[in-house]
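A.B. asks: Got a sequence here, can you model it:
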Amino acid sequence: TTQVAKYLFAECTGLEEIVIPDTVTVIRERAFEQARGLKKITIGSGVHTIEKYALMGSGLTEILIPDGVTTVGDGILMDCTSLKEATWTAGFNKVSAYAFSGCTSLKTVNLPDNLDRIISYAFRNCDSLVNIEIPESVTQIWQYAFNDCDSLQSISLGNNLQRIETYCFYSCNSLEAVTMGDRVTYLGTYVFADCDALKNVKLSEGLTSIPASAFRQCAELEELIIPRYVTTIGSNAFNASPKLVKVVLPASLTSIGSGAFSYANTTVIYGVPGTYAETWAAENGFQFVGQEVAATEIALNKTELTLKKGKSELLILTVTPENSTDAVTWKSSDESVVTVSSNGLLTAESAGTATIKVTVGSKSASCKVTVVQPVTSISLNKSSLTLEALATYQLKATVSPSTAFDRSVPWSTSDASIATVDE
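C.D. replies: Residues are numbered from 1 along each chain as shown. Next comes the predicted model:
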């Protein structure tokens, strides 16, 4: 057989172990649902698809999903309460929605280094998960992904992460510290709210806003440095954080929502005199301490960069000391080639070369940017061809536009035993 059929072993409580033969290609949805006695499964090399809820509620204690599996449905291991260790396939570039939701005994998760995203509710209620390392390749963590992981103490977020969605780490009551890479440009509402043990937070320098209720009811939070490009702090963002004694606000700030900070008698606002931070503190009864700290050193993560026309990339600025209050300005030497936003986001406009310069107080750094024209289409002189054995034919490729930076064409065949192709 090539399939394990729907519901085939569902609720088979006496089944303890199974080997899926290499001839099987698909494990259909709910095939082993509620097979509570199933402790071990060996997935054959031929399996490429595991459909939704295939192993939901089974008694598995560990699982290895082979790299040959390229499609994984939602909730495949949902509510497997005995599962302690899992290895995810490198053949599928995301952790599916609800994949491990409710796996209350899960302690070890091995994620591949080509993973792009972690989908909604993937690890919700994994109450035994103490730490997890997110691969550097991950760019997005979706809503509720780690919601209510009560034992989670630490998480390595990876330097290429860009988005952390709403309620992602909500009510992770053991989480003590969060350090974001500077490519994070988006946080969802309630993203770290109700994290009772959260004490140390390093926010991304790529952020331009802090959303509503993002860190609400973080009872152990003591100090915060709001990143230099942030212009808005949403309502209740740091509400009900009674130990929050020091908040450093940037000169860029223009709006603070209602209830963002709760304790005027406890929290002291630090910022540049004459800015919105001082005005807001005075109007809301908070003590304000004027603070002007000059940058002593700055650096960009890249000094040279090549971009394809139409593409964007964020330049990461590092300023020493971290709490510098100097204004930051970005400038492109030729905006017809490349533009730059107020937080260092480059957009390639047309082919050419330009220099991006960033200035922080008396310090400056620059990056040379080359914009190239990408290939937009490739066509062949034949879309189908019939040849006798040992006969040859010269295929010709046309690459457009003629101004493309790299017009080289690699050739390959899907089956060299039938037809070969040279360069």
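A.B. asks: contacting residues around the spatially closest residue to T306 that is not a sequence neighbour?
C.D. replies: The shortest distance from T306 to any non-neighbouring residue, by Cβ to Cβ, 6 or more residues apart in numbering, is to T370 (4.7 Å). For every residue, glycine as well, the C-beta is placed using N, CA and C. With contact taken as Cβ atoms under 8 Å, 6 or more residues apart in numbering, T370 is in contact with E304, L305, T306, L307, G352, T353.
A.B. asks: ok, now L307?
C.D. replies: E313, V338, L346, A348, V369, T370, V371, V372 are the contacts of L307 under Cβ under 8 Å, 6+ apart.
A.B. asks: Restricted to strands, list those residues.
C.D. replies: The members of those that map onto strands under DSSP state E are E313, V338, L346, A348, V369, T370, V371, V372.
A.B. asks: what is the residue nearest to T306 paired to in the beta sheet?
C.D. replies: Here T370 sits in beta bridges with T306, T353, going by DSSP bridges.
A.B. asks: Next: I210.
C.D. replies: Assigned bridge partners for I210, using DSSP bridges, are I233.
A.B. asks: doesn't N236 make contact with it?
C.D. replies: No. Counting by Cβ atoms under 8 Å, N236 is not a contact partner of I210; they are 10.7 Å apart.
A.B. asks: Give me the residues contacting the worst-scoring helix or strand of the chain on mean pLDDT.
C.D. replies: Here the helix or strand of the chain ranked lowest by mean pLDDT, DSSP states H and E is strand 154-156, holding a mean of 85. Residues from elsewhere that reach strand 154-156, judged by Cβ under 8 Å, 6+ apart: V130, N131, I132, E133, I134, F146, F169, L175, E176, A177, V178.
A.B. asks: Okay, and which of these map to strands?
C.D. replies: Filtering the contacts of strand 154-156 for strands - DSSP E - leaves N131, I132, E133, A177, V178.
A.B. asks: now, among these, which is nearest to V421?
C.D. replies: Ranked by distance to V421 (Cβ to Cβ), the ones in strands among the contacts of strand 154-156 are led by E133 at 41.8 Å.
A.B. asks: So the spatially closest residue to that closest one that is not a sequence neighbour versus E136, what's the distance?
C.D. replies: Spatially, and ignoring its direct neighbours in sequence, E133 is nearest to S156 (4.5 Å; Cβ to Cβ, 6+ apart). For S156, the distance to E136 equals 9 Å [Cβ to Cβ, to the nearest Å].
A.B. asks: burial measure for the residue lying closest to E297 once chain neighbours are set aside, as a count.
C.D. replies: Residue nearest to E297 in three dimensions, not counting chain neighbours: T320, with 4.2 Å by Cβ to Cβ, 6+ apart. For T320, the neighbour count with other Cβ atoms under 10 Å is 13.
A.B. asks: With S408 instead?
C.D. replies: By other Cβ under 10 Å, the residues close to S408 number 9.
A.B. asks: and it, that's in a strand?
C.D. replies: No. If the criterion is DSSP: H, G, I helix; E, B strand; the rest coil, then S408 is coil and not within a strand.
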